[in-house]
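[1] Starting from these lines, generate the structure:
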Amino acid sequence: MPLFSSEKYTTLKLQNGNKRKELPQGLWIKCKKCSRTLYKKQIEESLNVCPYCSYHDPMTADERIKLLADEDSFKEIDRDLISVDPLNFFDSKSYKDRLDASMKKTGTNEAIKCGIATLEGRVYGLGVMDFRFMGASMGSVVGEKITRLAELATARHCPLVIVSASGGARMQEGILSLMQMPKTCGAIQRHSAAGLPYISILTNPTYGGVTASFATVGDLILAEPGAMIGFAGPRVIQETTNSKLPEGFQTAEFLLEKGLIDRVIDRKNLRHELALCLEYFCN
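    Now for the predicted structure:
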């Protein structure tokens with residue numbers, strides 16, 4: 001366990017009793033599914049996918065953009081939009097403090113990055129949610145950025161792609177967060193009415209108001225293996241219905257079998273598959 005210590009370096013004991021600092025912190029991580037010890041650089045090279053059990057560890061928004069867009073092609077929009085605290089919400093800490101902490105942690109102003117990018121030369125609108133920012137919950141700014149992205153993609157007459165990863169609506173904004181559900185769907189409907197495609201990519205986890213709105217209204221709905229997708233979590237559903245849930249409930253594979261998802265795609269193939277979809281729709 002010294003490999004997982006919070007010290008800057010791991011201290012190793014030599015046979016003569018002396019100590020020598022050898023390993024910088026963070027060289028090794030543990031897989032969240034199979035618990036194997038993994039070399040961090042190896043995991044990064046495999047796109048955060050465990051080589052033993054194929055568990056898909058979450059990616060940051062920047063990592064996802066790098067995966068799905070041509071190099072230096074992503075042009076971010078509405079970067080300076082920042083959430084406010086209309087309800088003066090306070091639980092164990094104030095909403096403003098939570099926002100400040102998330103901004104400092106992620107280096108971004110909100111839980112989603114939106115912009116225009118290209119993939120193999122084809123222009124499309126791309127929105128990517130970052131779960132590190134307050135569980136990528138959808139508040140007023142997230143809804144506004146998605147709406148503006150959809151409207152921009154419509155104006156540019158190009159496809160729209162949104163990568164979702166969220167715990168749902170942002171409770172700190174109350175009814176204002178719930179209003180983002182019809183707002184985002186309305187913008188996407190206008191995009192569809194213009195004869196333009198919308199591809200939704202679901203990653204682990206995608207829950208709540210995000211699942212109940214823009215994440216599941218795509219012309220094509222893709223998902224990563226093992227992604228947990230639903231409105232409420234399995235425990236809540238089981239306690240509410242007082243029944244035993246089927247094996248694999250709410251996983252991407254389960255929802256593929258039930259017809260909600262069109263295809264489950266391994267992360268290493270996602271870039272190529274998305275490029276094929278854009279080529280097909282553009283033609």
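[2] what's the pLDDT at the residue nearest the centre of the chain?
    Geometric centre of the chain, nearest residue: residue 165, 3.1 Å, by Cα atoms, centre = their mean. Here, the pLDDT recorded for residue 165 equals 97.
[3] any idea which element it lies in?
    In this structure, residue 165 sits in strand 160-166 according to DSSP states H and E.
[4] Kindly export that strand (C-alpha atoms) in PDB.
    Provided in PDB are the C-alpha atoms of strand 160-166 (Å, rounded to 0.1, in the frame of the first residue of the first chain):
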ATOM      1  CA  LEU A 160     -24.300  17.600 -33.400                       C
ATOM      2  CA  VAL A 161     -22.500  15.200 -30.900                       C
ATOM      3  CA  ILE A 162     -22.900  15.400 -27.100                       C
ATOM      4  CA  VAL A 163     -20.900  13.100 -24.800                       C
ATOM      5  CA  SER A 164     -22.900  12.700 -21.500                       C
ATOM      6  CA  ALA A 165     -21.700  11.800 -18.000                       C
ATOM      7  CA  SER A 166     -23.800  13.200 -15.300                       C
END
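[5] Buried residues of the helix or strand following it, list them for me.
    Downstream of strand 160-166, the first helix or strand assigned by DSSP H and E is helix 175-178. For helix 175-178, a neighbour-count test (16 or more other Cβ atoms under 10 Å) marks 177-178 as buried. To be clear about C-beta, it is placed using only N, CA and C from the backbone, and glycine gets the same treatment.
[6] Which is the succeeding secondary structure element to helix 175-178?
    Past helix 175-178, the next helix or strand by DSSP H and E is helix 180-193.
[7] so how far is residue 126 from the residue nearest to the centre of the chain?
    14 Å (Cβ to Cβ, to the nearest Å).
[8] Residue 82 now?
    For residue 82, the distance to residue 126 - Cβ to Cβ - is 21 Å.
[9] of these two, who's got more company?
    residue 126 (28 against 10; other Cβ atoms under 10 Å).
[10] what's the closest non-adjacent residue to the more buried one?
    Closest residue in space to residue 126, ignoring its immediate chain neighbours: residue 117 at 4.7 Å, by Cβ to Cβ, 6 or more residues apart in numbering.
[11] mind checking how far the one you found is from residue 100?
    In terms of Cβ to Cβ, residue 117 sits 29 Å off from residue 100.
[12] Which residue of these two possesses the greater neighbour count?
    Set residue 117 next to residue 100 and count neighbours by other Cβ under 10 Å: residue 117 wins out with 21 against 12.
[13] Find me the pLDDT at that one, would you?
    At residue 117, the model reports a pLDDT of 98.
[14] What residues does the closest residue to residue 189 other than its chain neighbours make contact with?
    Nearest residue to residue 189, sequence neighbours excluded (Cβ to Cβ, 6+ apart): residue 217, at 7.9 Å. Listed by Cβ atoms under 8 Å, 6 or more residues apart in numbering, the contact partners of residue 217 are 185, 188-189, 198, 200.
[15] Could you dump the residues you listed into CSV with neighbour count and distance to residue 248 added?
    CSV is the format used below for the contacts of residue 217 (neighbours: other Cβ atoms under 10 Å; distance: Cβ to Cβ, whole Å):
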residue, neighbour count, distance to residue 248
185, 18, 28
188, 27, 29
189, 14, 32
198, 22, 27
200, 23, 21
